[in-house]
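Colleague: Below are the sequence and a predicted model for it; my questions follow.
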Amino acid sequence: MKQSRKGFHRHALAAAVVLALVGAAQAQVGTSTVRGNVSTGASAAQAGLQVSAINQANGTAYRTVTRADGSYVLAGLAPGSYAIRVGQEASQVITVQVGETASVDLSLDTAQRVTVVGSLQSKNVKTSEVGTTVSRRQIETLPQVTRNFLSFADLAPGVTVTVDGEGNVSMRGGSASRDQTNVFIDGVGQKDYVLRGGVTGQDNSRGNPFPQSAIAEYKIITQNYKAEFDQVSSAAITAATKSGTNVLKGDAFIDRTSEAWRSATPAEAEAGKKVPSSQTQYGISLGGPIVENLAHFFVAYEAKHNDYPGTISPGGGLTTSDLPPAWQSLVGPVVSPFREDLLFSRFDWTPNDNNRLSLSLKYRDEKDVKNIGGQNTVEQGSNNSNKETRVTLSHQYDADTWINEAKLSYESAYFSQTPTTQATGVLVKAILPSGNETTILNLGGSRYYQRKGQQGVSFQDDLTLTGFAGHMPKFGVKLKSVTLDATEVWGYNPQFSFDVFNPAQPYKVEFGAGLPGLGDGKARARSLQFGLYGQDDWELSKQLTLNLGLRWDYESNPTYLDHVTPADVVNVLKNWSAIHNPAANGYNINDYISNGSNRSAFKNAFQPRLGLSYDVRGDKTQVVFGGYGRSYDRNAFDFMQLEKTKGTFPSYTVGFLGNPNYSGCQVAGPTCVTWDPNYAQPGGLDAFATGTGVGREINLLNNNLKTPYSDQFSVGLRSALADWQTEVSYTRSENKDGFVFFLGSRRDDGLFHPPGTHWGTPWGSTIPNWGSHLIIGTNGYNSTTDLITLKADKPYTSSSGWSAGLVYSYSASKENGGYGGIDDRYAFDFSDPSDLKMRPSRTVPKHKLVMTGSYDLPYEVMVSGKLQWNSGVPVTGINCLAGWGDCIVDSVPTNNYQQIDLSLSKAFKLPGGMKLSLRADVLNLLDTHNWSEYKNWYGGPGEPDPTLGQVSGKGINGPTRTYKIGLGLSW
């Protein structure tokens, strides 16, 4: 099998080289296309007429020639304003948006004057894609909580953007996992292959993935993206960055808010005082010519200095005065600092009309102190860091009948988590009569250490053939070699537990240690990724267009493919009779034992992408569209690596005699000993680390692991009503084969649940002669979303002075996720995939409405606003109404979510063409409390709980009413 993989890699590489030599399709991921017909008044169409597009900002020219039927295609255009020329005569200026295929018909009269036939509005309504474009004006004018350009993605149908109470931003499409999204910056995917969140740096981060001031505009596509889009099976975002123009321009900004400018949170209101907090964001951008019409530069820098509020308080119902005096100073209000620096630079050179070169750099440095608050003191916090560098060199060659673009990229993106204190941890707990432990306060250094990320290079080449009448075929190839790293150490600092009622000595310690010769919690894999696609926009007539595409992807992951299950693990599992009855177990243990040659990479990732659009009247006022597509994603390396890291850095627990309340250590033995203060010294616990690994948690992966994918269907109608563009659509997405971990341990009778029931877990049944549990990873998560959307958009024009937009969605979504939903990869309450049942989604609201608008007031004052409303995202509940043995994980309806944001800005003209702007934002104008904590107990047999769905805590999503002041300067 290993030889066949190597042979496959050689053939894949050879195919990539051949395709690179002949060219592959100019992807419209990040660029735009203008196509149409040139009529000359002659009886026959004229072929060979030169048509060009001249960028009005930097003078860049794109050219082609008319085809036999008089049609033309200009591909690979950067978003912006262009004059379309036939020969040397130019038409009126048109504007194209990112990812758009604009239809522009031209008329060349006998005097050789060029005019646009029909409306100057080039907006693409004949696409089969379902999505929304976010313009630069919307990015600049609409109010937002943070300068994360992804926060506007909820303007697209079916997309949910969440900002939690800690400032973490996440995005998802429909009921799919947030991991299934991807963002393309200038055509280069930002996929995170290791961590969660879809793109690098978005896993549990309060930072921004890219400087917002460097984004020209972007498009969110939720259905029917073309074959050129890879590594995405949910919402895809394609963004175009700014570039320099022939005029030197610059912008600087700063905005700020603090606790003095916001209303109290519910927890603060109850306490009678606010916790100190602040948010300061600032930046500068500059772009202009190096050589007019030939070379340009652009650079943007943004920084974020935020201090998030938190409160440290004792648990177990105790108050501060109940604590020893030395600990009382550790509780109370606390600030969690976050710092981020973002840099983007771009250099463009156009030596002639045929060649364009671009070099860009992105750098991100993010530092965050997290895991403090609640019962965690500052000492127990974690220093989180995100560091990311991306460099892309692209070359575009523009011939009369074809365009080729090649991209060479480098990326390095790493996340790390280290304890803020390098010391042993002190966990103060109360041992209850039931034996359960309740946390009072956590002091000292934390147990968590991890460093995870990716580093590698990629080459992609894309070709568009523009010389075929009625067709625009594209072909593409991508080859990527990326190193995936994961270091995961739980037990970095030993954690000593003290009983608050018997604090003379600790009653147990938990710690970790590497296994000699096996590793130290590290996993590294060099992954080879290879992708091919072909697609065609086939105009059967002026009214009917078919979008036909097919892509295929392949990826190897040696950490998974070449893994050998350790011999001691194989032996102990073979001797565990409880897991050798597949009918009772729900799985076959032999499917999870790997010998290093019985696994193969997934090779069936064929993905048809089919779409159509029909212009009913032939004037783009009514267009019917629809399509079907399959899209494969990735299994995150963060899950794949656990099979190795969990087996090389095991955790140990040792109890200490002397505490009658701690049932875990009452009889002396190897892991129950008399307390010795030397155990708290460096190296004092080494004698308890056996070095054999016996007792470590066992993680195994299915030998036939599949790649998650999504099937998408859509149909809709777009209509033009005066200045408005409207759309009504129905879409369905089916997400399948999501990765999930199950508890592989079984009761002595081989069952997971007690006999005759569907509830209950075998946590008390550990591996014999081992002492820990078996965890197995496989495919099992599925979700579906049926979405009906109504959309209306009136773009801003200087003549009207206003804009408006509305998106309403009705969603019927289902999922079979575990207790924490589709994003919770540990379904330990369920035996196997067949035990998971499709139920209403806990990630998507049934009804959702987003409205935006802007209006120009006198004296260069502008007001804008955004309204977000939805019927509430359900939370997880436990339903035992049918019987204690037939409990189910259910969804609990929640309150409506509502937030209204307003912005007011005023521009002042200064000497020398400079402009000063003042801006005030009001976030959550009505100070709505969007609660995040609800009572989720349905009740037991015959005893429904009347408090189900009631608010149960003080946590909220989004901000309280917050005022934010900003200052900007442009020149």
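Modeller: Looks like it came in fine.

Colleague: going forward, measure contacts between C-alpha atoms and count neighbours the same way
Modeller: Will do.

Colleague: show me what contacts residue 481?
Modeller: Going by Cα atoms under 8 Å, 6 or more residues apart in numbering, residue 481 touches 456-458, 526-529.

Colleague: And the pLDDT for it?
Modeller: Residue 481 carries a pLDDT value of 98.

Colleague: One more: residue 152?
Modeller: pLDDT, read off for residue 152, is 91.

Colleague: The contacts of residue 481: which two are farthest apart?
Modeller: By the measure Cα to Cα, 458 and 526 form the most distant pair in the contacts of residue 481, at 12.9 Å.

Colleague: shared neighbours, these two?
Modeller: Common neighbours of residue 458 and residue 526, using Cα under 8 Å, 6+ apart, are 481-482.

Colleague: doesn't residue 270 fall inside a strand?
Modeller: No. The assignment for residue 270, made by DSSP: H, G, I helix; E, B strand; the rest coil, is helix rather than a strand.

Colleague: Report the contact partners of it.
Modeller: Taking Cα under 8 Å, 6+ apart as the definition, residue 270 has no contacts.

Colleague: Quick check: residue 372 touching residue 419?
Modeller: No. Using Cα atoms under 8 Å, residue 372 makes no contact with residue 419, being 11.2 Å away.

Colleague: Mutual contacts of these two, please.
Modeller: Listed as contacting both residue 372 and residue 419 by Cα under 8 Å, 6+ apart are 380-382.

Colleague: now, which of these sits nearest residue 587?
Modeller: Using Cα to Cα, the shared contacts of residue 372 and residue 419 come closest to residue 587 at residue 382, 38.2 Å.

Colleague: Report the separation between the closest residue to that closest one other than its chain neighbours and residue 487.
Modeller: Nearest residue to residue 382, sequence neighbours excluded (Cα to Cα, 6 or more residues apart in numbering): residue 419, at 4.6 Å. Residue 419 is 14 Å from residue 487, where distance means Cα to Cα, to the nearest Å.

Colleague: Which stretches in the stretch 1-150 of the chain count as helices?
Modeller: 2-22, 136-141 (DSSP state H, counting those that start in this stretch).

Colleague: weakest of those helices by average pLDDT?
Modeller: helix 2-22 (a mean of 42).

Colleague: coming back round to it: so residue 372 and residue 419 - more neighbours on which side?
Modeller: Neighbours per residue, other Cα atoms under 10 Å: of residue 372 and residue 419, the larger number sits with residue 419, 24 against 20.

Colleague: What confidence value was assigned to that one?
Modeller: Listed pLDDT for residue 419 reads 96.

Colleague: swap in the one 5 residues further on?
Modeller: Looking at residue 424, its pLDDT stands at 95.

Colleague: Just confirm it contacts residue 491, I think it does.
Modeller: No. Residue 424 lies out of contact with residue 491 (Cα under 8 Å); the separation is 10.1 Å.

Colleague: returning to what we had before: whichever of the contacts of residue 481 end up buried, select them in ChimeraX.
Modeller: Buried residues within these, by 16 or more other Cα atoms under 10 Å, are selected in ChimeraX with:
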select :456,457,458,526,527,528,529
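
Colleague: would you turn the contacts of residue 481 into a markdown table with pLDDT and secondary structure?
Modeller: What follows is the contacts of residue 481, written out as a markdown table (pLDDT from 0 to 100; DSSP: H, G, I helix; E, B strand; the rest coil):
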| residue | pLDDT | secondary structure |
| --- | --- | --- |
| 456 | 98 | strand |
| 457 | 98 | strand |
| 458 | 98 | strand |
| 526 | 96 | strand |
| 527 | 96 | strand |
| 528 | 96 | strand |
| 529 | 97 | strand |
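
Colleague: Return the member of the contacts of residue 481 nearest to residue 177.
Modeller: Using Cα to Cα, residue 529 comes nearest to residue 177 of the contacts of residue 481, at 22.0 Å.

Colleague: Return the residues in contact with that closest one.
Modeller: Counted by Cα under 8 Å, 6+ apart, residue 529 has contacts 478-481, 553-556.

Colleague: Excluding chain neighbours, give the residue nearest to it in space.
Modeller: Spatial nearest neighbour of residue 529, chain neighbours left out: residue 555 (4.4 Å); criterion: Cα to Cα, 6+ apart.

Colleague: do residue 661 as well
Modeller: Among residues not flanking residue 661 along the chain, residue 431 sits closest, at 6.4 Å (Cα to Cα, 6+ apart).

Colleague: hang on, that neighbour packs against residue 440?
Modeller: No. The pair residue 431 / residue 440 is not scored as a contact, 10.3 Å apart, by Cα under 8 Å.

Colleague: Look at the two and report which has more neighbours.
Modeller: Ranked by neighbour count (other Cα under 10 Å), residue 431 and residue 440 place residue 440 first, with 23 against 20.

Colleague: Helix or strand for that one, just tell me which one.
Modeller: Counting by DSSP states H and E, the element that carries residue 440 is strand 437-444.

Colleague: again, but for residue 467
Modeller: Using DSSP H and E, residue 467 is not contained in any helix or strand.
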